[in-house]
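Chemist: need coordinates for the below:
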Amino acid sequence: MDKLHLPGESIGIIGGGQLGQMMAASAKEKGFKVLVLDPTPNCSAAQVADEQIVAEYSDLPALIKLAQRVDVLTYEFENVDAEAIAIVKKYTDVPQGTKALVVTQNRIREKDFLSENGFPVVKHHIVKSMDEFRRSIDEIGLPAILKTVEGGYDGKGQIRIEDQSYSEDDIQELLNTGICILEQQIDLFKEVSVVISGNQKGEHSVFPVIENEHHNNILHISNCPAMIKHETQAKCLQVAREIAKELNLVGTMCIEFFISTDHEVFVNEIAPRPHNSGHLTIESCNVSQFDTHILGICNWPMPKVKLFNSAIMVNLLGQHIYRAKKKIQDHVEWYFHDYGKDVAKPNRKMGHITILTDDIEATKDEIHNDPIWKRK
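Modeler: Numbering: from 1, shown residues only. Model (predicted):
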């Protein structure tokens, strides 16, 4: 039975990173109590939540303890054990279920789901050995990208293969970690994403298409609206709605797309949670992706999204954060977000800045030329 959760109740969040932090902030604004489970004491989300359970994500007794103490349970990342979620459903409401988790935790299952439902994906092969890799390269062609089937984020667990000069040792090392998938690399025009949220009634809030730019496989800049054809935007939004329906979406999900130079649309990946590219919705829209996540899991009505202002978000990694903090006094236009992480490691996401702008290209140029984000 669909449940309505009201202010005064408790929301549990598995995962205490920045996504959990922003979920918790939205939940607190709406009057909910928030409990977080994360192995890092005083994690980002714990700094906003009412309480933290310090435990590993695989600690089933701790997960059950969390479930027993909250009215509704959610998660901030997709590598939560789906079997554990199925178990803790006995103790509390888990409106997101496990279907989206199961599909998106494994790239083969994800590609099969997309293909079987008629969603466009790039050509790909499953690879288990070096011989299969060589045969797949011959069939798919180069450039291509080899990815682990499970795990991996921000470029981890993958190798981009531009030409025949690739290192067989590197390929074998990745294959030694488990089954991989080789994906054709298309002639890329843009990478974009669509953030969409739903409730148990099947209502959806859909955000405008967001354009993304990556450095070293880590998201660097997002801008909204995306600078693509109207027809391409419509296609992305249509596919996002259809995927959300097929996965019985509750809460927030992000669908990442590749757009080719001839404006074909391909689904890259599905993230069954709020997404880095959606952070700009906090300032640019009437509701943020975190607001709609909380609304969705609590089964509140889903609002129509309105984009108040064009916006750009730029990530602050470990190598950026200190330089950026020193420049705050020079940039009244910055909406500065610091995730409160204790250690600033290179390429670790430490915060982000959102800028509302009427000239996306000019603002992107300013960011590209700013020494804060200078690429070595």
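Chemist: all helices for this structure, in order.
Modeler: Here the chain has its helices, by DSSP state H, at 18-29, 60-69, 82-88, 99-104, 107-116, 130-140, 168-176, 230-246, 281-284, 289-297, 321-326, 360-369.
Chemist: residue closest to the middle of this structure?
Modeler: The residue lying closest to the centre of the chain (Cα atoms, centre = their mean) is H275, at 3.0 Å.
Chemist: tell me the pLDDT at that one?
Modeler: On pLDDT, H275 comes in at 98.
Chemist: quick check, it in contact with H293.
Modeler: No: between H275 and H293 there is no contact under Cβ atoms under 8 Å: 10.6 Å. Where you see a C-beta, it was placed from the backbone N, CA and C, and this is true even at glycine.
Chemist: overlap in contacts, the two.
Modeler: T252 (Cβ atoms under 8 Å, 6 or more residues apart in numbering).
Chemist: and I255, bridged to which residues?
Modeler: For I255, the residues forming beta bridges with it (DSSP bridges) are V194, I270.
Chemist: so V305 sits against V209, correct?
Modeler: No: when contacts are counted by Cβ under 8 Å, V305 is not listed as touching V209 (11.7 Å).
Chemist: comparing those two, which shows the higher neighbour count?
Modeler: V209 (24 against 20; other Cβ atoms under 10 Å).
Chemist: who touches the more buried one in this structure?
Modeler: Applying Cβ under 8 Å, 6+ apart, the residues contacting V209 are V192, S193, V194, C224, P225, A226, I228, Q233, C236, L237.
Chemist: what sits against the spatially closest residue to the fifth one that is not a sequence neighbour?
Modeler: Going back to what we said before, that points to P225. Excluding its sequence neighbours, the residue lying closest to P225 (Cβ to Cβ, 6 or more residues apart in numbering) is P208, at 5.1 Å. Going by Cβ under 8 Å, 6+ apart, P208 touches C224, P225, A226, Q233, V305, L307.
Chemist: confidence score at P208?
Modeler: With respect to pLDDT, P208 scores 98.
Chemist: go on, the one 5 residues further on?
Modeler: At E213 the predicted local distance difference test score is 97.
Chemist: distance of the residue nearest to P225 relative to H263?
Modeler: As defined by Cβ to Cβ, to the nearest Å, P208 lies at a distance of 18 Å from H263.
Chemist: try L307
Modeler: Look at L307 and H263: by Cβ to Cβ, they are 22 Å apart.
Chemist: what does V54 give?
Modeler: 49 Å.
Chemist: give the burial count for the nearest residue to F119 once chain neighbours are set aside, as a bare number.
Modeler: Nearest in space to F119, with sequence neighbours left out and distances taken as Cβ to Cβ, 6+ apart, is V267 at 5.1 Å. Neighbourhood size, V267 [other Cβ under 10 Å]: 22.
Chemist: so for V267, what's the pLDDT?
Modeler: V267 carries a pLDDT score of 98 in this model.
Chemist: what's near enough to touch it?
Modeler: By Cβ under 8 Å, 6+ apart, the contact set of V267 is L114, F119, P120, V121, V239, I243, I255, E256, F257.
Chemist: any of those residues buried? List them.
Modeler: Applying 16 or more other Cβ atoms under 10 Å to the contacts of V267, the neighbour count classes L114, F119, V121, V239, I243, I255, E256, F257 as buried.
Chemist: hmm, E242 and the second one touching each other?
Modeler: This means F119. Yes: contact between F119 and E242 holds when scored by Cβ under 8 Å: they sit 7.3 Å apart.
Chemist: my guess is I11 contacts L37. True?
Modeler: No: using Cβ under 8 Å, I11 is not in contact with L37, being 11.9 Å away.
Chemist: hang on, the earlier thing: tell me which of the helices of the chain sits most buried.
Modeler: helix 289-297 (a mean of 27; mean count of other Cβ atoms under 10 Å).
Chemist: any chance you could list what contacts it?
Modeler: For helix 289-297, the external contacting residues (Cβ under 8 Å, 6+ apart) are 5, 11, 19, 22-23, 25-27, 30, 32, 72, 74, 95-96, 195, 197-199, 205, 207, 249-252, 254, 273-275, 278-279, 281-282, 287, 301-303, 305.
Chemist: that helix to helix 18-29, inter-axis angle?
Modeler: Helix 289-297 and helix 18-29 are oriented at 70 degrees to each other (axes from the mean of the first three to the mean of the last three Cα atoms, to 10 degrees).
Chemist: distance of the residue nearest to F119 relative to A144?
Modeler: 17 Å.
Chemist: check V209 too.
Modeler: 26 Å.
Chemist: again, but for D330
Modeler: 43 Å.
Chemist: ok, T104 - contacts?
Modeler: T104 neighbours (Cβ under 8 Å, 6+ apart): E78, E110, E269, I270, A271, P272.
Chemist: let's go with 10 Å and repeat that
Modeler: For T104, the contacting residues are E78, N79, E110, F113, L247, M253, E269, I270, A271, P272, R273, by Cβ atoms under 10 Å, 6 or more residues apart in numbering.
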